[in-house]
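>>> Provided below for reference: sequence and predicted model.
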Amino acid sequence: MELLNKTDIDMKFKWIILCCVAAFFSGCDQQNKQENKVHIYGTIEEQTGKVVEMSFNGAASDFGTSRNMMLQVDATGHFDTTFYLDKPEYFNIERNTIYLTPGDELECKICSSNSSESVFSGKGYEANMYMRHRLFPKGGSFLEGGRNIFADFSKMKDYILTQAAQRKKELESLVNVSSDFKKLEFGRITADIINSFDFYPSYAPLRLKEKREKCVARVDSIRYFLDSLALTLNEEYLLDVAVVRQLVKKHKGLNWCPAIQEWLHIGNLSRKIGNNMHVDTLERVTKEISLITREDYRDELYFAINQVKGMLPGSPVVDVALKTTDGKEIKLSDLKGKILYLDFWATWCGPCCYEAPFFEQLAEKFVGEDIEFISISIDEDMEKWLAYLQKDEKKTAQYNSLDSALKEKWNIRGIPRFILIDREFKMLNSNAPRPSGKSTEQYLRELIQK
C-alpha cells in the first residue's frame, strides 16, 4: 500500500478546502439568483398573438432602453416571463405602471385602456393593486386629462389637496409593501400636486373658456407654495418616479441637489445621441459618458450609442423583412439598386396620414429617376392595413413590416419617420426630411445627381 507523505496530505487537504469553498460560493450564487428571480404572467387585454413591450421606468430610462423587455402574448391573450432583478424597479406595460421586486410571483390581468382596471394577485400584488390607480403625468395628474376643472380656483386647489390626502391615506394603509415603496409613492403624490397645477393653464382655458394668461396668473399666485413643495422632493432616489422626473425637467431653475443637477446634465448629453450625429460628435459624447460615475446611467447611454451607430451616414443597413399586399415575404435588400426613400407609417397615425399625399406627389415628380419611393406600414393588424389601402389607393410601393430590427437596430420608436438609403444599401439619412417640407424636392434632386 502506498503511503502518503506530509506534503501530499497537505496538498490534498488544501484541494478539499478549495473545493468546499467553491461549492459554498456556487451555492450562494444559485441561492441569490433564485431570490432575485421575478415571475410575471397572466393576460393582456386586446393583444392576442402580439409582442408587447414592458418598458423599464426608473431614473436611467430617460437615457436608453436597454432594460426594456418584450412579452410574447399567445393566441389566448396569455403571457409568461421570468427575469432577474437586483432591486425593486418600476416598469410600464401598456398604460399600466407596475412595481416589481426580486422574488415576486405576480399574476396579472392587464387592461390596455383607462376604462377598466387591471387586477393583480400573488406575491407583489398589494403594491400593484395600489399602482393600478396610478395618475398620469401628461394627463395633469389629479386633473385626469382636464375632467376635474373648477371655475373657482380656490375650490380647484382644495380639490387637488383633498385628492392627495386621500391617496396618502390609502398608501399608509398598505401592509405588505416596503418602506422604500412608500417613500417613493409619497414622493409621487407630492409631485402630482405640483404637476396638477402645472397643467391647469393647459386644460382650464378649454373647460372654462378663459384666456390662458388668466389661468397662468392664478397658478403664479401660489408659485412660492409650489416651489417650496417641489424642493421637498430634492432627493436623488425619487428620480425613479416618472412624474418627479417630469417636474424636475420643467423646473430646472430650482435649487436641485448635485445628484439631480447631474441627472439633468446627463439628459442634455443623451439628447446629443441621434441617428444623424457625426463621427466627431460621437467621439466627444462617448468620452463624456466614460466620466459618468453611476453605472446604470453609463450603461443606458452606451446602449443608446450602439443603437445609433448602425444608422450613421455611410453605415451598412441592417436588413429587415417586408410583407407585400398579397402576403409574399421579401427583404428590403431585394429592392436595392436605386436610392430608397422610405416612409414608415401606420393607419392609426394622424401625422402619417397627413404626409401620405405629399409622399405620393413627390413620387410622381420622380418617375423614371434613380430613386424609389417605398411606404412601409408598421400596422399590427394586416386586415386594417389592407382595408385602408383599398379605400385610399396608393401608387407607391406598399409593404408591411413587424420586424423587431426596426426598433432594436433601426431605433424607430416614433412615426412618421422618413429614411434614405443609397444605391449600395448604406445609410444616407436616417432622419430624412418630410415630404411636406418646402425644400425636400430640391434635397432629393441633389442626392440623385451625386
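Here it is on my side, so go on.

>>> low-scoring pLDDT stretches of this protein, where are they?
1-34, 113-115, 275-277 (pLDDT under 70).

>>> quick one: secondary structure of the residue nearest to the spatial centre of it?
Centroid check for the chain by Cα atoms, centre = their mean gives residue 55 as the closest residue, at 5.6 Å. The three-state label given to residue 55 by DSSP: H, G, I helix; E, B strand; the rest coil is strand.

>>> isn't it right up against residue 92?
Yes. Using Cβ atoms under 8 Å, residue 55 is in contact with residue 92, at 4.8 Å. Any C-beta I mention is one placed from the backbone N, CA and C, and that applies to glycine too.

>>> how many other residues sit next to the spatially closest residue to residue 44 that is not a sequence neighbour?
Excluding the flanking residues, the one nearest residue 44 by Cβ to Cβ, 6 or more residues apart in numbering is residue 110, at 4.4 Å. Other residues within reach of residue 110, judged by other Cβ atoms under 10 Å, total 26.

>>> cool, the one 10 residues further on as well?
Residue 120 has 23 neighbours, counted by other Cβ under 10 Å.

>>> In space, what's closest to it - neighbours in sequence excluded?
Nearest one to residue 120, counting by Cβ to Cβ, 6+ apart, is residue 128 at 4.1 Å.

>>> For the strand or helix carrying that neighbour, which residues meet the burial criterion?
Element membership of residue 128 [criterion: DSSP states H and E] is helix 125-131. For helix 125-131, a neighbour-count test (16 or more other Cβ atoms under 10 Å) marks 125, 127, 128, 130, 131 as buried.

>>> sorry, back to before: my read is that the residue nearest to residue 44 contacts residue 42, right?
Yes. Between residue 110 and residue 42 there is a contact at 6.8 Å, judged by Cβ under 8 Å.

>>> what touches both of the two?
With Cβ atoms under 8 Å, 6 or more residues apart in numbering applied, the contact sets of residue 110 and residue 42 do not overlap.

>>> Quick check: the gap between residue 354 and residue 375.
14 Å (Cβ to Cβ, to the nearest Å).

>>> and those two? which has more neighbours close in?
residue 375 (21 against 13).

>>> hey, where'd the helices end up in the stretch 251-400 of the chain?
258-270, 279-289, 295-309, 350-365, 382-391 (DSSP state H, counting those that start in this stretch).

>>> circling back: who touches the residue nearest to residue 44 in this structure?
42, 43, 44, 45, 93, 94, 96, 118.

>>> is it true that the last one touches residue 108?
Yes. With the criterion set as Cβ under 8 Å, residue 118 and residue 108 qualify as a contacting pair; they are 6.6 Å apart.

>>> can you list residues touching both of those two?
residue 128.

>>> Please export the C-alpha coordinates of the helix or strand hosting residue 244 as CSV.
Per DSSP H and E, residue 244 falls inside helix 242-250. The C-alpha trace of helix 242-250 is given here as CSV (Å, rounded to 0.1, in the frame of the first residue of the first chain):
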residue,chain,number,x,y,z
ALA,A,242,-41.7,59.4,-13.6
VAL,A,243,-43.7,62.4,-12.5
VAL,A,244,-40.8,63.6,-10.3
ARG,A,245,-38.5,63.5,-13.3
GLN,A,246,-41.1,65.4,-15.4
LEU,A,247,-41.3,68.0,-12.6
VAL,A,248,-37.5,68.4,-12.3
LYS,A,249,-37.2,68.9,-16.1
LYS,A,250,-40.0,71.5,-16.1
